[in-house]
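1. got a predicted structure here, sequence first:
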Amino acid sequence: MNRTRRHRYYVCPSSRRGRCSVRANVRARVVEERILGALADRLLNGGAAQIRKQLALRMDELARNHHADVKDRRARLNRAEKRVANLVAPMASGEHSLDGRARSDCA
């Protein structure tokens, strides 16, 4: 069984249109191996430490933002609870109207 294998190539798209003088074609496999090799070298030669440092900084930032958000939400909850208590107190004491002016208009 004679099977021809097709390879993918990277080329400058402008060269196909005649706008670029670079006519080189590079096999996709070669480009991918080089890029992945460079990434592996960087990770093995201190890149992982840099990634861990950046990740730790980002996690700290997220934690700070979370604490500020929780503090803000607690303050909003306290204000809402006070407003509800101010609305419920007149009803609990037997007053039928929440507005003092409305009560005086009925008398």
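-> Perfect, I can see it now. The shown structure was predicted, so the numbers you read here are calculated from the model rather than taken from an experiment.
2. same for the longest helix belonging to the chain, what does it pack against?
-> Assignment by DSSP state H gives helix 48-92 as the longest helix of the chain. Based on contacts counted as 3 or more CB pairs under 8 Å, 6 or more residues apart in numbering; DSSP states H and E, there is no element that helix 48-92 packs against. For glycine as for every other residue, the C-beta is placed from the backbone atoms N, C-alpha and C.
3. which residues touch residue 8?
-> 27, 28, 29 (CB atoms under 8 Å, 6 or more residues apart in numbering).
4. cutoff 6 Å now
-> Contact analysis of residue 8 by CB atoms under 6 Å, 6 or more residues apart in numbering lists residue 28.
5. report the separation between it and residue 19.
-> To residue 19, residue 8 is 22 Å away according to CB to CB, to the nearest Å.
6. repeat for residue 7
-> From residue 7 to residue 19 the distance is 25 Å (CB to CB).
7. where does the protein have low pLDDT?
-> Applying pLDDT under 70 to the chain picks out residues 1-4, 96-107.
8. tell me the centre residue of it?
-> Residue closest to the mean C-alpha point of the chain, counted by CA atoms, centre = their mean, is residue 62 at 10.2 Å.
9. how near is that residue to residue 69?
-> To residue 69, residue 62 is 10 Å away according to CB to CB.
10. cool, residue 18 as well?
-> 56 Å.
11. so how far is stretch 74-82 off the chain centroid?
-> On the basis of CA atoms, centre = their mean, to the nearest Å, stretch 74-82 is displaced by 28 Å from the centre of the chain it belongs to.
12. what about residue 95, which SS state?
-> Here residue 95 is coil, with the state taken from DSSP: H, G, I helix; E, B strand; the rest coil.
13. that one: neighbour count?
-> By other CB atoms under 10 Å, 12 other residues sit near residue 95.
14. before we move on, what about residue 42?
-> 13.
15. and it, how far is that from residue 49?
-> 11 Å.
16. check which helix or strand covers residue 10.
-> strand 9-11 (DSSP states H and E).
17. helices or strands next to that strand in the packing?
-> Packing contacts for strand 9-11, counted by 3 or more CB pairs under 6 Å, 6 or more residues apart in numbering; DSSP states H and E, involve strand 25-27.
18. good, wrapping up.
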